[in-house]
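Engineer: build me a model from this:
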Amino acid sequence: MNDKNKLTVVEASVALTDAAVMAMLRAGVDEAVRINQPQCIVIVDASGASLCMFRMRGAKFLSLKTARAKALTAASTGVPSAAIPDHVRTAVGLASGGDVTGLGGGLPIIVGEALLGGIGVGSGSPQQDEAVARAALMAIGANNASANA
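Structural biologist: So this is what the prediction gives:
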């Protein structure tokens, strides 16, 4: 077998560090405290595996589910969860067992050119949820931290 036909069995990848996840969580909680809105914050990696799931005292407990769906949506699509078109929101929500949503508050985690995962925030208004998610992204210098969704 020549080099041209060799099977590649290993490829390099980038991932969020534990320190980055903790920095995002801290910044998100700080922003939620600043705006006086307890939140649920979920961070997933690029494969959708949960890295952090946190419910602040006073946040709605069911918002953990919507925050997770927002994070999964952003990690899977590479765009904010609110970007899911209105006309397909119900269908993709049903087809994915609730793992995809068009609710605002989910943002992809993009550093450089790499989509590293998603963050989902829930328990406030869509604007509050997104503000907390953006604060978390800013903590690690994510490319999309200040972009308009």
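Engineer: contact partners of the least confident helix or strand in the chain by mean pLDDT?
Structural biologist: Lowest by mean pLDDT, DSSP states H and E among the helices and strands of the chain is helix 86-95, with a mean of 94. The contact list for helix 86-95 (C-beta atoms under 8 Å, 6 or more residues apart in numbering) reads 69, 84, 100-102. To be clear about C-beta, it is placed using only N, CA and C from the backbone, and glycine gets the same treatment.
Engineer: of all those residues, which two lie farthest apart?
Structural biologist: Ala69 and Ile84 (10.5 Å; C-beta to C-beta).
Engineer: so what's the gap between the longest helix anywhere in the chain and the chain middle?
Structural biologist: The longest helix of the chain (DSSP state H) is helix 18-34. Its chain's C-alpha centre and that of helix 18-34 lie 13 Å apart, by C-alpha atoms, centre = their mean, to the nearest Å.
Engineer: alpha carbons of whatever helix or strand comes next after it, as PDB, please.
Structural biologist: Per DSSP states H and E, the first helix or strand lying C-terminal to helix 18-34 is strand 40-45. The C-alpha coordinates for strand 40-45 follow below in PDB (Å, rounded to 0.1, in the frame of the first residue of the first chain):
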ATOM      1  CA  CYS A  40     -29.400  27.300  34.600                       C
ATOM      2  CA  ILE A  41     -26.100  26.900  32.600                       C
ATOM      3  CA  VAL A  42     -25.200  23.900  30.500                       C
ATOM      4  CA  ILE A  43     -21.900  23.500  28.600                       C
ATOM      5  CA  VAL A  44     -21.400  20.600  26.100                       C
ATOM      6  CA  ASP A  45     -18.400  19.600  24.000                       C
END
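Engineer: which strands or helices does strand 40-45 pack on?
Structural biologist: In this structure, strand 40-45 makes packing contacts with helix 18-34, strand 50-55, helix 63-77, strand 114-122, helix 126-139, judged by 3 or more C-beta pairs under 8 Å, 6 or more residues apart in numbering; DSSP states H and E.
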